[in-house]
Every structure is written in C-alpha cells, then in structure tokens.
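# I'd like to go over a predicted model; first the sequence, then the structure.
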Amino acid sequence: MSKYEQYKKDVLKYGQMMLNKGYTVGTGGNVSMLVDGEDVLAITPSNREYMDLTPADICIVDFDMNIIEGKYNPSRETGLHIAVYKNRLDANAVIHSHPIYSSIFALINKPVPAIFDEVTIGIGNVTDIIPYALSGSDELVDNVKTKLSNRCNCYILQNHGALSIGANIGKAFRNLELMEKASRIYYHALSTGEKATALPSDMADLLFQLMKAEQDNEIERKKSQIK
Ligand SMILES: [Zn+2]
C-alpha cells in the first residue's frame, strides 16, 4: 500500500463531495492536499469523472511536477496548487471549484465583503477577485500569486470559478461552503435594490486577526519542520 494512501482517500472524498454538493459539474474543479513534511501533493487527475475514480487514481506529484504515483495526468491546475503551497505556508489543502453564486461575482467582477462573523473568521475580510487568465496558464498562476499575500482563505477567479484554501482539507471545504453561502446571500441582498451592510470594520479586523493568528501557528510549525 502507498504511504500516501490516506491523502489519496481524502482528496477523492472531498472531490466527490464538491461534485455532489453542486460546487462543480462534470470533471470541473480540482482538489489537492499537501503531504506533511514533503514538497509533494496529492491531487485529482485531469479530466476524469469524480464518481468513477478510486484512491489509486489520485496523482502524487512533487513541486517540480514530477509524477511520483498515479497512472493519469494530474489536474492542469497543478501549478496553481503548487503556487499556493509555496506562497502560503498556512495552507495544507486547496480546492478549485465552480460554485454558482460565487461565480456570479466572477462575472460582475465584484469582491464579496465581510458580511457575517462566521465567514470572516473562516475566510478573512474579503473574497477578492483574481483577474482572468486561461485555465492552466502561467499567467493565471501569476495572477493568483499576486493576491495570496492578503492572507484570505478564499478567492474568486474572474470569469471562471473559485479557490479555497485551508490548514486541512476539512477546513478548505468548509471555507468553500462559507464563501458560497456568503455569495448566495450577498447576491440576493443586492437583488433587493437596497444597500447591503457589511460588518463594522473594527469587528471585521478583529475576526480577521484571530484567523491570522491561527495561520501563524501553522506557519511556525512548518518553519520548525524545515530547520
Ligand atoms: Zn476551473
């Protein structure tokens, strides 16, 4: 049995959950987990039906895109996932999805502000828009890198979909759900024609600081592994 077996099982489980909860259709989106202590990730293969996959079909890839295990090509967004792990040491899981309501904001090119406590403490003070570039392109990876320093856990990819990250796969998935819930409610609030309120900025800042303190703990843990 592969030493990466549990990562493969979890990546498959959350890929299928993403599909079953309607956060993507068909073979769209991709899910990865960073292998603890290694520059290696487990990621869904390219262009394969989630419900047909078994754990053995999940790709194990290093940061130079060498395939360590797996018979299929890894997701074409693998470079994007690697960029997140290299630039955000607090991240151990990445989910790229195509959720409906978040994707509305990907079209009107409008960030979703901090509107609820639970969302702000989970994903930060804004869900910002990453400018459009073709799926799988180096340009898209560069555009993602420029936004990662805002320390938020969710992003909207203009005219494409969404990106959520977390300290583990469960949190990355929960962040996706929080982003989609907030986007759904914000969309309906804007549709009333009334002004939608955001959290008071001092409260949004406080909740965001709490979230960043949790990220800092994980960053310290990773740095101590490197030494
Ligand atoms: Zn996509």
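Nice, I can see it.
# low-scoring pLDDT stretches of this protein, where are they?
For the chain, applying pLDDT under 70 flags the ranges 227.
# Helices along that one, start to end?
5-20, 78-87, 100-108, 117-123, 138-148, 169-191, 201-226 (DSSP state H).
# my guess is A133 meets T146, correct?
No: using CB atoms under 8 Å, A133 is not in contact with T146; the gap is 11.2 Å. Placement of C-beta: from N, CA and C, glycine included.
# what about the two, which has more around it?
Higher neighbour count among A133 and T146: A133, with 18 against 11, using other CB atoms under 10 Å.
# Relative to D142, how far out is that one?
As defined by CB to CB, to the nearest Å, A133 lies at a distance of 8 Å from D142.
# so what sits against both of these two?
Counting by CB atoms under 8 Å, 6 or more residues apart in numbering, no residue touches both A133 and D142.
# list the contacts for the residue most central in space within the chain?
Centroid-nearest residue in the chain: S164, 2.1 Å away (criterion: CA atoms, centre = their mean). By CB under 8 Å, 6+ apart, the residues touching S164 are V94, I95, S97, I123, N153, C154, Y155, A172, F173, N175, L176, M179.
# can you do 6 Å?
Residues near S164 by CB atoms under 6 Å, 6 or more residues apart in numbering: I95, C154, A172, N175, L176.
# Among these, which one sits closest to E218?
Using CB to CB, A172 is the member of these that lies nearest E218, at 12.7 Å.
# how close does that closest one sit to M179?
Going from A172 to M179 by CB to CB gives 11 Å.
# Equivalent analysis for D128, please.
11 Å.
# who has more neighbours, those two?
Between D128 and M179, M179 has the larger neighbour count (other CB under 10 Å), namely 29 against 16.
# Not counting residues beside it along the chain, what's closest to the more buried one?
Spatial nearest neighbour of M179, chain neighbours left out: C154 (4.2 Å); criterion: CB to CB, 6 or more residues apart in numbering.
# close enough to count as contact, the one you found and T127?
Yes: at 4.8 Å, C154 and T127 qualify as touching, with contact defined as CB atoms under 6 Å.
# can you list residues touching both of these two?
Common contacts of C154 and T127 (CB under 6 Å, 6+ apart): M179.
# what's the spacing between the residue lying closest to A83 once chain neighbours are set aside and A133?
The shortest distance from A83 to any non-neighbouring residue, by CB to CB, 6+ apart, is to V141 (4.9 Å). Separation of V141 from A133 (CB to CB) stands at 8 Å.
# Equivalent analysis for I82, please.
From I82 over to A133 the distance is 16 Å, taken as CB to CB.
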